[in-house]
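Participant: with the input below, show me the fold.
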Amino acid sequence: MEHLSARFYAHTLTALLIRPGTFFSTRFEQISSWQAVGILAISGLLFSATGTLLAPGTATLTRGAILFINAIGMVGIAAGIGYLAVVASTGRRYPFSRLWNVFSLSSGAVLLLAWIPSAFIFTEPWKWWLIGTGLVNGLGMTRARAAIIVGLTFGATVMVIYSMIPLVNLARGLPM
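Facilitator: Below you'll find the predicted structure:
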C-alpha cells in the first residue's frame, strides 16, 4: 500500500478521471479508507481555497472552513444514505468502508472542478456517474442495482438538503 503523497494523489485522480471503469476494476481494491479520506481532504482543501479566493472579502477563513466542512460533510451524508440504500436492497453484502471509498474518490475527483461558478451543472451528474461506475466496477453490482442505489441516494440526499432549509433560515434569525 502506497502512502498518501502528492504523487499518489495525482496518479490516483488521473487514473480515475481518464479511465474510471478501469480504475475501479483494477486499482480500487488497493486504495485504503485512509487514502480515500486523504484524497477527499486534499481535494476539499483545494476546493475551499479556490472557492474562497473567488469571493474575496471579510471572513475568508470562515468561508473557507464552511466550504471545506460542506464538501466533506456532504460526502459523509451521501455515503451514509447510500449505505442505507445498499443494506435495504442487498443486505449487508457490501461493507461501508468500500462504499465510502467509492463516494470519497468520486467526490474527490469532482471537487477539483466544482469551485468554478455554475460548474455544478456538469460536476454533480459526473459525480453520480462516477459513483455508479464505482458501484459496478469496484463493488461488482449490476448496472440496474447501481442505478437504483444511485437514484435512491440522490433522491434522499436532495430531500435531506431541502429539509435543512428551515433550520438554516431559523439559524439566520438567531443572534450570532
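Participant: against residue 143, how distant is the residue nearest the centre of the chain?
Facilitator: Geometric centre of the chain, nearest residue: residue 107, 2.9 Å, by C-alpha atoms, centre = their mean. Here residue 107 is placed at a distance of 21 Å from residue 143 (C-beta to C-beta, to the nearest Å). Yep, even glycine has a C-beta here, placed from its N, CA and C like the rest.
Participant: repeat for residue 103
Facilitator: 18 Å.
Participant: looking at the two, which has the bigger crowd around it?
Facilitator: Shown here are residue 103 and residue 143; by other C-beta atoms under 10 Å, residue 103 has more neighbours (27 against 11).
Participant: so that one makes contact with residue 82?
Facilitator: Yes - Residue 103 lies in contact with residue 82 (C-beta atoms under 8 Å); the separation is 6.4 Å.
Participant: who touches both of these two?
Facilitator: Listed as contacting both residue 103 and residue 82 by C-beta atoms under 8 Å, 6 or more residues apart in numbering are residue 131.
Participant: follow-up on the earlier one: against residue 79, how distant is the residue nearest to the centre of the chain?
Facilitator: From residue 107 to residue 79 the distance is 9 Å (C-beta to C-beta).
Participant: same check on residue 67?
Facilitator: In terms of C-beta to C-beta, residue 67 sits 19 Å off from residue 79.
Participant: just residue 113 next, same as before
Facilitator: Distance, residue 113 to residue 79, by C-beta to C-beta: 21 Å.
Participant: neighbour count winner among these two?
Facilitator: Taking neighbours as other C-beta under 10 Å, residue 113 and residue 79 compare with residue 79 leading, 21 against 15.
Participant: sorry, back to before: tell me the phi and psi of the residue nearest to the residue nearest to the centre of the chain when sequence neighbours are not counted?
Facilitator: What sits nearest to residue 107 in space, not counting adjacent residues and going by C-beta to C-beta, 6 or more residues apart in numbering, is residue 75, at 4.6 Å. Torsion angles at residue 75 (phi, psi; degrees, to the nearest 10) stand at phi -70, psi -40.
Participant: what's the neighbour count on residue 75?
Facilitator: 24.
Participant: ok, residue 66 - how many residues close by?
Facilitator: 14.
Participant: please point out which parts of the helix or strand that contains it sit buried.
Facilitator: Using DSSP states H and E, residue 66 falls within helix 60-90. Residues of helix 60-90 classed as buried by neighbour count (16 or more other C-beta atoms under 10 Å): 63-64, 67-68, 71-72, 75, 77-83, 85-86.
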